[in-house]
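Visitor: Following is a predicted model, sequence given first.
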Number of protein chains: 2
Amino acid sequence: MNFDQADALNEAIRAVGIRHRALAVAALAPMGIHPGHKLLLLELATGPRTQAQLAAASGYEPPSITESVRQLETAGLVVRRPSPTDARATMVELSDQGRSLLPKLKAAWRHVADQTVAGLKTTTVDHVIEVLTDLATGLTSTVAPTNDVPRYRAPRRRRR
Amino acid sequence: MNFDQADALNEAIRAVGIRHRALAVAALAPMGIHPGHKLLLLELATGPRTQAQLAAASGYEPPSITESVRQLETAGLVVRRPSPTDARATMVELSDQGRSLLPKLKAAWRHVADQTVAGLKTTTVDHVIEVLTDLATGLTSTVAPTNDVPRYRAPRRRRR
DNA sequence: TAAAATTACTTAGGCGCCTAATCTTAGGCG
DNA sequence: CGCCTAAGATTAGGCGCCTAAGTAATTTTA
């Protein structure tokens, strides 16, 4: 790939990421949550999860999960309780309030997607989805090449 | 757009952004710089700029530019001097050291792009670039609808 | 030409996500 | 059984970018 192509690609990805995130923040702010929270709430929509499962599903690191779950708990949207089978683990599930937020959440999420593709000139929505999922899939396997642990595992550098 | 489509789109954008950024960080770290710095250095490759011009070109907010330029100056890659024509403005330009870094920087940037598309299965590079630039262009105009000020201008809420 | 508005930059502080390191519990194995 | 390693969660601290708000200089305007 020549430099101009590479630059166009890199810059487009960066710009899309920034703009998309701004849209997501704006759409979710009225509900008092952030883009990272949204991902966890939708994951919890299909049942309780441990924090480790949430980390694996979201791609976020465990400390980020700890913090986000704490925020969601403070907001009254999720409940935490110890796992009955593993004393190390914490189960997280939606509260009634959290569950009742889901419809609005999904609507906001659709709105973000609509805004994202509203300005398309030369391509179609299906096109965009195909390209982006292909790109995302390829990138995920590139960055985290192990098969059974798809999430990125940070290298441990030093141990005291 | 239905919810599954919207979710696929949003998640793909999020995932691509995160992975791509991770690649960029890894590629630029050996040079001691971060993705945001790279953008500024390449912009400066074509000549001196004021910080306001850097903000407009990069899409970053002025305070972020202040901080990044300070870091680049500390690293010896750029030089700052007062504008001869506007006492408010600061001119930023590459130092010799900064200029000599450009080739390595461009190579790293190409490498990031290559890695980004290395895992493609169902689409081609040209395809990806077309879709992403279309998306980026559309999003930019959506988020910042004014014509002559393309960069996102944060709303001022309160003034004391 | 003085007041008002705008522009360039900075300081202060926040937020989301990260890595490093630690604590506790689980589970394999001699 | 008692190790020893791995796994779940957390604390501590860092980084990049943000918004809010302030100062100083310039341009607009009445």
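Guide: All right, it came through fine.

Visitor: contacts and neighbour counts: CA atoms only from here.
Guide: Noted.

Visitor: and the lowest-mean-pLDDT helix or strand in chain A, which residues are buried?
Guide: The helix or strand of chain A with the lowest confidence, counting by mean pLDDT, DSSP states H and E, is helix A:125-143 at a mean of 80. Buried residues in helix A:125-143, defined by neighbour count with 16 or more other C-alpha atoms under 10 Å in any protein chain shown: A:125, A:128-140, A:142-143.

Visitor: I'd like to know which of those residues is nearest to chain B.
Guide: Nearest to chain B, judged by C-alpha to the nearest C-alpha, of the buried residues of helix A:125-143 is residue A:138 at 3.9 Å.

Visitor: which residue packs closest to the closest one, ignoring adjacent ones?
Guide: Leaving aside its chain neighbours, residue A:138 sits nearest to residue B:119 (3.9 Å; criterion: C-alpha to C-alpha, 6 or more residues apart in numbering or on different chains).

Visitor: The one you found contacts residue A:132, doesn't it?
Guide: No. The criterion here is C-alpha atoms under 8 Å, and residue B:119 misses it with residue A:132 at 11.8 Å.

Visitor: Contacts for the least confident helix or strand of chain A, please.
Guide: With contact meaning C-alpha atoms under 8 Å, 6 or more residues apart in numbering or on different chains, helix A:125-143 is reached by A:117, A:150, A:152, B:5, B:8-9, B:12-13, B:15-16, B:19-20, B:23, B:115-123, B:127-128, B:131-132.

Visitor: now stretch A:21-39
Guide: Residues contacting stretch A:21-39 (C-alpha under 8 Å, 6+ apart): A:58, A:68-69, A:72, A:105, A:108-109, A:111-112, A:115-116, B:14, B:143.

Visitor: what about chain A, any weak spots by pLDDT?
Guide: In the prediction, chain A carries residues with pLDDT under 70 at positions A:140-160.

Visitor: Check which residues of the helix of greatest length in it are buried.
Guide: Longest helix in chain A, counting residues (DSSP state H): helix A:3-28. By neighbour count on 16+ other C-alpha under 10 Å, the buried set for helix A:3-28 is A:6-21, A:23-28.

Visitor: what's the angle from the least confident helix or strand of chain A to helix B:3-28?
Guide: Counting by axes from the mean of the first three to the mean of the last three C-alpha atoms, to 10 degrees, helix A:125-143 lies at 40 degrees to helix B:3-28.

Visitor: so does helix A:125-143 get close to DNA strand C?
Guide: No. For helix A:125-143, no contact with DNA strand C is found by C-alpha under 7 Å from any atom of the strand; the gap never falls below 11.2 Å.

Visitor: Just the C-alphas of that helix, formatted as CSV.
Guide: Extracted C-alpha coordinates of helix A:125-143, given in CSV (Å, rounded to 0.1, in the frame of the first residue of the first chain):
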residue,chain,number,x,y,z
VAL,A,125,-25.6,0.8,4.4
ASP,A,126,-25.2,-2.9,3.6
HIS,A,127,-21.9,-2.2,2.0
VAL,A,128,-20.7,-0.3,5.1
ILE,A,129,-21.7,-3.1,7.5
GLU,A,130,-20.1,-5.8,5.4
VAL,A,131,-16.8,-3.9,5.1
LEU,A,132,-16.7,-2.9,8.8
THR,A,133,-17.5,-6.3,10.1
ASP,A,134,-14.9,-7.9,7.9
LEU,A,135,-12.4,-5.3,9.1
ALA,A,136,-13.3,-5.8,12.7
THR,A,137,-13.1,-9.5,12.5
GLY,A,138,-9.7,-9.5,10.8
LEU,A,139,-8.4,-6.9,13.2
THR,A,140,-9.5,-8.9,16.2
SER,A,141,-7.8,-12.0,15.1
THR,A,142,-4.7,-10.0,14.2
VAL,A,143,-4.4,-8.2,17.5
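
Visitor: got a list of what residue A:100 touches?
Guide: With C-alpha under 8 Å, 6+ apart as the criterion, no residue contacts residue A:100.

Visitor: Tell me what angle the helix or strand hosting it forms with helix A:125-143.
Guide: In the assignment (DSSP states H and E), residue A:100 maps to helix A:96-118. Angle between the axes of helix A:96-118 and helix A:125-143 is 110 degrees (criterion: the same axes, to 10 degrees).

Visitor: Briefly note if helix A:96-118 comes near DNA strand C.
Guide: No. Helix A:96-118 stays out of contact with DNA strand C when judged by C-alpha under 7 Å from any atom of the strand, the minimum separation being 14.7 Å.

Visitor: What residues of that helix count as buried?
Guide: For helix A:96-118, the neighbour count (16+ other C-alpha under 10 Å) marks A:98-99, A:102, A:105-106, A:108-117 as buried.

Visitor: closest to residue B:46 among those?
Guide: Proximity of the buried residues of helix A:96-118 to residue B:46 (C-alpha to C-alpha) peaks at residue A:116, which lies at 31.8 Å.
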